[in-house]
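1. Sequence plus the predicted model coming up.
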Amino acid sequence: MTKRIYLDNAATTPISPEVIETMLSIMQQQYGNPSSIHAEGRKVRAIIEEARKVIAKNIGASIGEIFFTSGGTESNNMALKCAVRDLGVQRIITSKIEHHCVLHTALHLEQQQQVQVDFVELNGSGNINYEHLESLLQETGKKTLVSLMHANNEIGTLLDLDRVALLCQQYGAYFHSDTVQTVGHYPINVAETSVSFLSGAAHKFHGPKGVGFIYINSNNLIRPFIDGGAQERNMRAGTENVYGIVGMAKALELALVHMEERKIHILEVRHYLAEQLKANFDDIIFNTDLKGNSLYTVLSASFPPSPKGELLLFSLDIEGISVSGGSACSSGADAGSHVIAALHGSNSQRKTIRFSFSHYNTKAEMDFVVEKLKAILG
């Protein structure tokens, strides 16, 4: 069977071989419950705490500010819902192009009449209007949480974390950022950038699925999101996903060691594909701001209306090419993108493909992709 070309790394990344080896050694040798007081339990507890140190060190946090979760969705839900329940937040400022786990959570809280939700203005590239954000922060005396993702998972628009953090400090607002797409790809230092809550997920930087973390600034005293046992220093009940936690720490270590070389390689591959698409297709539009400051692992391309484009994603899949039209979390079907609809309207007949890259991708693969697109659309 011909090797498939995987270009959906914003949905999930393949696990690094070194991460698999690390996880296997724990699976085979360390089976104790970390809450048990006997030797096997104590060994596993020490392993978890060492992984916590790795995560904390690599984002500039203290170990007491890192809590392990099942992934980005749980971490984001925890940040928003606990901020409302425990910190007295009455208002959430967010955007219409957030990941659904933030957007739907904010709207759910609004429907329960617990909070007021306001949306910051966006330009056509998905960048927020920082002046509008400041005017929103000035508008009311309600305790406010600003929740804005560091990088959009569909089009790659990057947020100026420092600028938003300073605005939130100036107006006394909490700041939560979904950094699922950027942890392991960009340097993040919460000791320098004042963030109240920050979310990460291992499977976005070549770690295992089903494990993530939340950073909670030590000034924010919240209660457990999941009740039960006393795990995670009484913050999250449930026996820890030991193998996943260890794999996440190893994946983050590798990502940071190789960050610059991976970035250079991925940028070269993305630029090459963009140039080949422009050279071979008329009226192609990039939703990703390639000349601005955008997430280097993503290229969102919009193709003109065509009867042959209706099943484009499925046709590429048949040819051995894995891409998406947007977030993988929306549905198992090709359901369209709330991000593209928010920026350009929902009536467009153009077809959007999100290509998302890792350091495993090559220019030769991009040549194959372009040739198959020409055959499908030609």
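-> Arrived safely.
2. Which residues belonging to the helix or strand containing Cys101 are considered buried?
-> Cys101 is located in helix 100-111, with elements delineated by DSSP states H and E. Within helix 100-111, the residues scored as buried using 16 or more other C-beta atoms under 10 Å are 101-103, 105-106, 109. For the C-beta atoms, the positions are set from N, CA and C on the backbone; glycine is no exception.
3. try stretch 9-20
-> Buried, per 16+ other C-beta under 10 Å, within stretch 9-20: 9-13, 15-16, 19.
4. and if you look at stretch 309-326?
-> Neighbour count says stretch 309-326 has 309, 312-313, 315-316, 319, 321-326 buried, by 16+ other C-beta under 10 Å.
5. That stretch: how far from the chain's middle?
-> 22 Å (C-alpha atoms, centre = their mean, to the nearest Å).
6. Over to stretch 80-98?
-> The answer for stretch 80-98 is 18 Å, by C-alpha atoms, centre = their mean.
7. Which residues in it does the neighbour count mark as buried?
-> 80-84, 89, 91-95, 97-98.
8. same question, stretch 229-248
-> 231-232, 235-236, 240-248.
9. Stretch 170-187 too?
-> Going by neighbour count (16+ other C-beta under 10 Å), the buried part of stretch 170-187 is 173-186.
10. and of these, the nearest to Val269?
-> Ranked by distance to Val269 (C-beta to C-beta), the buried residues of stretch 170-187 are led by His185 at 14.4 Å.
11. need the buried residues of stretch 309-326 in a markdown table with distance to Glu40 and pLDDT, can you?
-> Listed next are those as a markdown table, based on distance: C-beta to C-beta, whole Å; pLDDT from 0 to 100:
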| residue | distance to Glu40 | pLDDT |
| --- | --- | --- |
| Gly309 | 57 | 77 |
| Leu312 | 52 | 93 |
| Leu313 | 47 | 94 |
| Ser315 | 52 | 95 |
| Leu316 | 48 | 96 |
| Glu319 | 50 | 96 |
| Ile321 | 46 | 98 |
| Ser322 | 41 | 97 |
| Val323 | 45 | 97 |
| Ser324 | 42 | 94 |
| Gly325 | 47 | 86 |
| Gly326 | 45 | 67 |
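12. Quick check: the two most widely separated of those residues?
-> Farthest pair in the buried residues of stretch 309-326, by C-beta to C-beta: Glu319 and Gly326, 20.2 Å.
13. Go ahead and measure how far stretch 300-320 is from the middle of the chain.
-> On C-alpha atoms, centre = their mean, the centre of stretch 300-320 falls 25 Å from the chain's centre.
14. Run through who's touching it.
-> 2-5, 154-156, 274, 277, 281-288, 322-325, 334, 340, 348-355, 369, 372-373, 376-377 (C-beta atoms under 8 Å, 6 or more residues apart in numbering).
15. before we move on, back to that, report the rounded mean pLDDT for the very next helix or strand once past the helix holding Cys101.
-> The helix or strand immediately downstream of helix 100-111 is strand 116-119, counting by DSSP H and E. Here strand 116-119 scores 97 as its mean pLDDT.
16. Make 501 the starting number, not 1.
-> Okay, using 501 as the starting number, the last item reads as strand 616-619.
17. helices and strands around strand 616-619, which ones?
-> Here strand 616-619 touches strand 591-594, helix 600-611, going by 3 or more C-beta pairs under 8 Å, 6 or more residues apart in numbering; DSSP states H and E.
18. Including mean pLDDT and distance to Thr797, could the ones you listed go into TSV?
-> Below are the helices and strands packed on strand 616-619 laid out as TSV (pLDDT from 0 to 100; distance: least, C-beta to C-beta, whole Å):
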stretch	mean pLDDT	distance to Thr797
strand 591-594	98	23
helix 600-611	96	19
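19. can I assume Leu661 is in contact with Thr693?
-> Yes - with contact defined as C-beta atoms under 8 Å, Leu661 counts as touching Thr693 (5.2 Å).
20. These two: who's more crowded?
-> The neighbour comparison of Leu661 against Thr693 (other C-beta atoms under 10 Å) goes to Leu661, with 23 against 18.
21. ok, back up a step: strands - which of the buried residues of stretch 729-748 land there?
-> Within the buried residues of stretch 729-748, no residue falls in strands by DSSP state E.
22. Restricted to helices, list those residues.
-> Members of the buried residues of stretch 729-748 lying in helices (criterion: DSSP state H): 731-732, 742-748.
23. So in this structure, where's the weakest helix or strand by average pLDDT?
-> Least confident helix or strand of the chain, by mean pLDDT, DSSP states H and E, is helix 838-844 with a mean of 78.
24. Okay, buried residues for that helix please.
-> 838-840, 842-844.
25. With respect to Glu565, which of these is nearest?
-> Nearest to Glu565 among the buried residues of helix 838-844, with distances taken as C-beta to C-beta, is Val839, at 30.4 Å.
26. Check whether that closest one really touches Met649, as I assumed.
-> No - with contact defined as C-beta under 8 Å, Val839 does not count as touching Met649 (10.7 Å).
27. could you dump the buried residues of stretch 729-748 to CSV with pLDDT and distance to Ser718?
-> As requested, the buried residues of stretch 729-748 are exported to CSV (pLDDT from 0 to 100; distance: C-beta to C-beta, whole Å):
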residue, pLDDT, distance to Ser718
Gln731, 93, 19
Glu732, 93, 15
Met735, 92, 12
Arg736, 93, 16
Glu740, 95, 21
Asn741, 96, 24
Val742, 97, 25
Tyr743, 97, 28
Gly744, 97, 25
Ile745, 98, 21
Val746, 98, 25
Gly747, 98, 26
Met748, 98, 21
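28. Nearest to Tyr715 among those residues?
-> The closest of those, once distances to Tyr715 are taken by C-beta to C-beta, is Met735, at 12.0 Å.
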